[in-house]
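[1] Below: sequence and its predicted model.
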Amino acid sequence: MPKSERRASPHPVRFAADPPLAGRVSLLLSPREKGYTLVMTDTQTITLSDVITALRLGVSEGERGREQSVLVSVAVSLADPPSFAGAPALSDTVDYDDIIRYIREALPKEGEIKLIETVADRIAEHCLALSPRIVAADVTVKKPSVLVSPGMVQVSMRRTADPAKRRQALHVAGE
């Protein structure tokens with residue numbers, strides 16, 4: 001295309017020296033280059049995605065009268081993870097099988113549940129009780145039977161450990 005026929009771009013290239021961008025140059029600097037002191041805390045996250053269980057769940061008796069498939073996703077955050085290089089042991093972490101067994105076996109035995117929020121809350125409570133190192137449990141419960149596929153209703157909940165109880169449990173565990 002001849003130079004005379006080329007049109008200017010509607011989005012001209014700008015450089016840091018251009019007045020509109022001069023104040024934004026600091027966005028390109030790392031926190032350390034900006035003079036911030038970084039304090040980093042190590043965490044470990046264990047995530048389970050879409051664990052299937054069958055529950056008698058629903059507001060109406062008709063819904064609770066039959067088992068319905070529910071998908072549960074859980075992410076537990078653990079503080080101060082040890083190094084897993086070398087010869088780690090299961091006791092260094094949280095056994096995710098405990099979470100899966102609760103979702104698939106124990107939770108259905110708790111009987112009829114009206115709200116998926118209750119399901120999420122019970123699972124989060126179970127997770128927080130597994131270890132004093134767990135600082136938070138994020139739970140999402142999906143109920144596919146409510147809407148026609150591919151849609152589904154879901155509830156997400158985040159529960160955090162009470163710092164005082166967590167410190168006490170860590171102190172007792174360390175004795």
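    Perfect, I can see it now. The structure displayed is predicted, hence computed values, not measured ones.

[2] As a check, name the ranges of all strands in the chain.
    Ranges of strands in the chain, per DSSP state E, are 43-55, 68-79, 134-143, 153-160.

[3] Would you mind putting these into a markdown table with mean neighbour count and mean pLDDT alongside?
    Quick note: C-beta positions are derived from backbone N, CA and C, even for glycine. Shown next, in a markdown table, are these (neighbours: other Cβ atoms under 10 Å; pLDDT from 0 to 100):
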| stretch | mean neighbour count | mean pLDDT |
| --- | --- | --- |
| strand 43-55 | 15 | 93 |
| strand 68-79 | 20 | 94 |
| strand 134-143 | 21 | 94 |
| strand 153-160 | 14 | 93 |
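
[4] what about D98, distance to Q68?
    Distance, D98 to Q68, by Cβ to Cβ, to the nearest Å: 24 Å.

[5] Contact partners for V153?
    116, 142-143, 146-147 (Cβ atoms under 8 Å, 6 or more residues apart in numbering).

[6] Closest one of the residues you listed to H126?
    Within the contacts of V153, the smallest distance to H126 is 15.6 Å, found for I116 (Cβ to Cβ).

[7] residue contacts, that closest one?
    Counted by Cβ under 8 Å, 6+ apart, I116 has contacts 57, 70, 141, 143, 153-155.

[8] Pick out the most distant pair among those.
    Taking Cβ to Cβ, no two of those sit farther apart than L57 and Q154, at 12.9 Å.

[9] Quick check: of the contacts of V153, which lies closest to V76?
    Of the contacts of V153, the one sitting nearest to V76 (Cβ to Cβ) turns out to be K142, at 18.3 Å.

[10] Need the residues touching each of L57 and Q154.
    Here L57 and Q154 have 116, 143 as joint contacts, going by Cβ under 8 Å, 6+ apart.

[11] Tell me the buried residues in stretch 89-102?
    Under the neighbour-count criterion of 16 or more other Cβ atoms under 10 Å, stretch 89-102 has 93-94, 96, 99, 102 buried.

[12] Among these, which lie within helices?
    Applying DSSP state H to the buried residues of stretch 89-102, the entries found in helices are 96, 99.

[13] To E61, which of the strands of the chain lies closest?
    Nearest of those (Cβ to Cβ): strand 68-79, 13.4 Å.

[14] Tell me the strands beside that closest one, with direction?
    Within its sheet, strand 68-79 is paired with strand 43-55 (antiparallel), strand 134-143 (antiparallel), according to DSSP bridges.

[15] and of those strands, who's closest to E125?
    Comparison of the strands paired with strand 68-79 against E125 by Cβ to Cβ identifies strand 134-143 as nearest, at 8.1 Å.
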